[in-house]
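One predicted model, sequence on top.
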Amino acid sequence: MTLKTKVLYLLPMALIWNSCSDDDTVVDDEKPTITVAYENGFPTPCTGLQRGGTYTIRARVSDNDALAAYSIDIHHNFDHHTHDDQGASCELAPLKQAVDPFIYMQNFQIEGNPGTYEINREITIPENIDTGDYHCQLSVTDRTGWQSRTSIDIKVIE
Amino acid sequence: MWQNCIGTLLGVFLCSVSYTQELYDIRGKVTDKTSGTPLSGAYITVGKHTGITDINGIFQVRDIPEGHYKVKATFLGYADTVLAIAIPADTTLEITMYEGATALNEVVVNGIKHRNYNEVASLPSYTVSEDFMNENRENSLMQTLKKLPGVSTINIGSGQSKPVIRGLGFNRVAVIQNGVKHEAQQWGSDHALEIDQYGIETIEIVKGPASLLYGSDAIAGVVNIQPPGIPEKNSLSGEVNLLAESNNDLYGISAGIRARKDKWFYRGRLTFRDYADYKVPTDQINYENYIFDLHKSRLRNTAGNEINGSFSLGYVSDRIRSETFFSNVYARNGFFANAHGLEVRTSEIDYDRSARDIDYPYHEVNHFKITNNTVVFSGDHTFRFELGFQNNHREEHSEPVPHGYMPKPDNGKERVFKKNTYTLNARDTFKAGDKHTLTAGVNLELQDNTIGGWGFLIPGYQRFTAGIFAYDQFEIRNDLHLQAGLRYDYGVMDTEPYYDWFPSPLSNSDGTTSYVHLQRAQDKTRNFGNVSASLGLNYTKGNTTYKINLGKSFRMPLANELASDGVNYHMYRFEKGDPDLDPEQSYQIDLALEHSSGAFDFGISPFVNFFHNYIYLNPTPDYYESLQIYEYTQSKVFRIGGEIRAGITLFGKLRLDASGEYVYSEQTSGVKKGYTLPFSPPLSGLFSAEYKLKDFLFFKSPLVFTSYRITAEQNEIVPPERRTAGFRVMDFSFLTEIDLFRTPVEMRLKVNNLFDSKYFDHTSFYRLIEVPEAGRNFSVSLAVPF
């Protein structure tokens, strides 16, 4: 094998391997975290929220880089289509058809892109909505676009 | 010395085996007598054994017992070459063939292929024969082809997969069948290729930018399924393939027949497959905070079935060859019931009552195709025409649930896509002087896509593309060839408007709320123009071929990229298109070195690729109706990588192969600067050993084959991907021929994932929800000729 051929073999190899190691750009590859499982966290699993009542959603969020936004989504679970990820399982009411279910979908910016933050959002449960099993889903994003979610089984009661 | 070195390494790595003697492999090279150019796609017959030459004119015909034989080489436009050989004396052959119109009379047009040898000769490629397919057959076509370095897949469960070439998939790989681009809903991550993997004789994989010939989409490469060879005169033959598997309780049957009188011929095939939920080596899936307990380790509701039928009628004479293919592929496949996409679901459905039934969520697809291939030889000109009509009908069904402001739908039909594609390709190849072979042609394609169902992701659209191209193959010297080509494409994309079928509340400035049917897609027309080009050199010295190619390819933006404005509930995201996206432009340099001498062969194919404006679905930090917004954006992307392989045959009995593949991708502009691309395959190597045994009991030409894949971890990710650990997985097979009622039956016993390893495939559809790959699988397949 001539020197020329050797070089021909080695050059592309070097090119490939060099590119593997040449990785100096630091990118954020971590998700933010979200939890309601602490003393002031709300809602707790299986909590009953009264129609017409006002409650404060509280959750701790954090990120290695910078938090960006969060969202709150409350929707009914009359058809038992999903369950929460809190480990506790709530006794679900029998299946039923929705008539006028409560739908709450709101998005909020987290100002100043901090690394830790406490979600603190007051919501009022309307008077004329269906009672029963609901789902409260909280999501948070960081500046890069990594997202974490958590979801809690709740109930809307008279 | 270096050959020995690699051979030794491989030998040490795998296993040591003893030496016996019984059957022989013949290897050789077919070249043009006058020019010395290697001929790709030539058919070699030795007795009842056959082989096809690859891009370098190299062929292999296996398992030939000692004796005297006539070797016949056939190739379109060339006179048959017949030579007498003795085995074991002549296991390495040099075959030369004469070109000439007069030869047409004698040529059994077996070798006629839409050969792309000349056209993309300076791009790295593989030609895969039916033998390879039979020996390596997996649950889907792409899983079978995954063994080739540079080819990988995105698997959706056990029976379906999407092609990926050098890390790019979806609409960046063009799949061609009988010369016509296969058009379905390739953009979807749970969409799989609707092609019957039985009855395929030759597949060419081009790893590199091939827009010059195939237009939009052939940006990363091409999977070119070529029309099967024409049956011999006055022949009638067929075979039945049977398959059974343990992991997903699959049983499959495929039966094919082909016949020819003098000038007329036909062929037909029916395939049926049915499989149950597949098993993974775990009892529990832990996805984020959720725990899914699996019943008997089965991934519930991943069963599926497939029914395919095809028929073709052809005519062949000295001047014309024409074949019309009709085919229909139907598949119904379930998706994992506990989490569809990222969405965790519970249901009243009792999924565990049967592992074979298919409940929500599932999809159903029917792909009907008519294609005609006609070749006309007229003097110095060869005209090729390809006509196609395809109807793709895809339905995605899931349990109706309310989502956001959408009330509960009254049926499970979430999305319906009906797409008709009309294709017309024409080209002419002719000699201009001694040194130049020119080809000029046009490609026309019209797509009409309509949508239905209660879920909206992409709008209906009509798309028309027209391309015109010309290229020259210039023989500078006997051993040095240049290919240069230029192409222009024009495209029109017309998207249809779409409004939600349910109202959403909208807060007005005066404090009141109105309820409106939101408009999700605009009535919009976009025009695109694009130039593609390719320039390559091919130099052969002795047993080594050197290639260099510079190519520019493109891809027109898709309807979802331009006009998505919908909620993908299963992925917990809101996908937003950008109507102002430009066609993707990609520039690539490919190098390739192929060496083949005697028992040893070696190849390396590095590439460097630059995308001027890669279309990327970017996860933003923002929300829309409590779902994360993903936006289609364009960024510059740099990619580098390649494949390396080596193989050696020792004592005529033992074959050792090793290959490796790697791609590095980085976005070099835009909001995700520094990040990789989604679905980036990790560094991976495949080592295999094949050993021929002596005949024993009733086994004829038995051989054992084992392969060991070592894949590195993948830490280069983009949201919402996860890092994936490396893995090692071993397969083992035993192949033999047995005489059953005087019929030689090919039998294969195979074990996939021999050690039942629990591992994750970074590019698998279920990776995101922490579902490992399938566990150990035993399979038996039989091929019975008649």
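Happy to help now that I have it. Numbering: from 1, shown residues only, chains lettered A, B, ... in the order given.

how far away is the one residue in the stretch 101-250 of chain B that gets nearest to chain A from B:T371?
Chain A sits closest to B:P124 of the stretch 101-250 of chain B, with a gap of 11.6 Å, by C-beta to the nearest C-beta. Any C-beta I mention is one placed from the backbone N, CA and C, and that applies to glycine too. B:P124 is 27 Å from B:T371, where distance means C-beta to C-beta, to the nearest Å.

between these two, which one's more packed in?
B:P124 (28 against 21; other C-beta atoms under 10 Å in any protein chain shown).

Any buried residues in the one helix or strand B:P702 maps to, and which?
B:P702 belongs to strand B:699-711 when elements are defined using DSSP states H and E. Neighbour counts over strand B:699-711 (16 or more other C-beta atoms under 10 Å in any protein chain shown) mark B:F699, B:K700, B:S701, B:P702, B:L703, B:V704, B:F705, B:T706, B:S707, B:Y708, B:R709, B:T711 as buried.

Identify the residues contacting the first one.
With contact set as C-beta atoms under 8 Å, 6 or more residues apart in numbering or on different chains, B:F699 has these partners: B:L693, B:T736, B:E737, B:I738.

try 6 Å this time
Going by C-beta atoms under 6 Å, 6 or more residues apart in numbering or on different chains, B:F699 touches B:T736.

Then the third one?
By C-beta under 6 Å, 6+ apart, the contact list for B:S701 reads B:L23, B:D63, B:E737.

where along chain A do the strands fall?
Under the criterion DSSP state E, strands of chain A are mapped to A:33-35, A:48-50, A:54-62, A:67-76, A:104-109, A:116-124, A:132-142, A:147-157.

What strands line up against the second one, and which way round?
Next to strand A:48-50 in the sheet, as set by DSSP bridges, lie strand A:147-157 (parallel).

Poorly predicted segments of the chain, please.
Answering for chain A, as no chain was given. Within chain A, the stretches with pLDDT under 70 are A:1-25, A:83, A:87-88.

other chain: chain B
In chain B (pLDDT under 70), the answer is B:1-22, B:34-36, B:77, B:79, B:99-121.

Next, the residue of chain B most remote from its centre: phi, psi?
Distance to the chain centre peaks in chain B at B:D510, reaching 57.1 Å (criterion: C-alpha atoms, centre = their mean). Reported as degrees, to the nearest 10, the phi and psi values for B:D510 are phi -90, psi 10.

That one and chain A: what is the separation?
As for B:D510, its distance to chain A is 20 Å (criterion: C-beta to the nearest C-beta, to the nearest Å).

Quick one: end-to-end length of stretch B:498-505, please.
18 Å (C-alpha to C-alpha, to the nearest Å).

Is there any residue in it that contacts chain A?
No. With C-beta under 6 Å from any C-beta of the partner chain as the criterion, chain A is not reached by stretch B:498-505; the gap is at least 8.5 Å.

Give me the contacts around that stretch.
In contact with stretch B:498-505 (C-beta under 6 Å, 6+ apart) are residues B:405-407, B:456, B:459, B:513, B:515-521.

if you set the cut-off to 7 Å instead, what comes out?
B:405-407, B:454, B:456, B:459, B:513, B:515-521 (C-beta atoms under 7 Å, 6 or more residues apart in numbering or on different chains).

circling back: can you tell me which of the buried residues of strand B:699-711 comes closest to chain A?
B:T711 (14.5 Å).

So that closest one sits against B:P681, correct?
No. The criterion here is C-beta atoms under 7 Å, and B:T711 misses it with B:P681 at 8.4 Å.

Tell me the buried residues in the host helix or strand of B:G529?
In this structure, B:G529 sits in strand B:524-541 according to DSSP H and E. Using 16+ other C-beta under 10 Å as the test for burial, strand B:524-541 gives B:R526, B:F528, B:N530, B:S532, B:A533, B:S534, B:L535, B:G536, B:L537, B:N538, B:Y539, B:T540.

partners of it in the sheet?
Strand B:524-541 has these strand partners (DSSP bridges): strand B:480-495 (antiparallel), strand B:544-555 (antiparallel).

other SSEs contacting the next helix or strand after the last one?
Pointing back at strand B:544-555 there. Beyond strand B:544-555 on the C-terminal side, the first helix or strand identified by DSSP H and E is helix B:559-563. Counting contacts by 3 or more C-beta pairs under 7 Å, 6 or more residues apart in numbering or on different chains; DSSP states H and E, helix B:559-563 packs against strand B:480-495.

Check the offset of the strand it packs on from the chain's centre.
Its chain's C-alpha centre lies 22 Å from the corresponding centre of strand B:480-495 when counted by C-alpha atoms, centre = their mean, to the nearest Å.

What would it look like as CSV? C-alpha coordinates only.
In CSV, the C-alpha atoms belonging to strand B:480-495 read as follows (Å, rounded to 0.1, in the frame of the first residue of the first chain):
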residue,chain,number,x,y,z
LEU,B,480,-11.6,7.8,-15.6
HIS,B,481,-15.2,8.9,-16.0
LEU,B,482,-16.9,12.2,-15.3
GLN,B,483,-20.6,12.8,-14.7
ALA,B,484,-22.1,16.2,-14.8
GLY,B,485,-25.7,17.2,-14.7
LEU,B,486,-28.1,20.1,-14.3
ARG,B,487,-31.7,20.3,-13.4
TYR,B,488,-34.4,22.8,-13.0
ASP,B,489,-37.7,22.3,-11.0
TYR,B,490,-40.8,24.4,-10.9
GLY,B,491,-43.4,23.7,-8.3
VAL,B,492,-46.8,25.1,-7.2
MET,B,493,-48.3,24.5,-3.8
ASP,B,494,-51.9,25.4,-3.3
THR,B,495,-53.2,24.9,0.3
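
Which SSE is immediately downstream of it?
Toward the C-terminus from strand B:480-495 - assigned by DSSP H and E - lies strand B:498-499.

near chain A, which residues of the stretch 301-450 of chain B?
Applying C-beta under 7 Å from any C-beta of the partner chain, one finds that the stretch 301-450 of chain B approaches chain A through B:V344, B:R345, B:T346, B:V401, B:P402, B:G404, B:Y405, B:K408.
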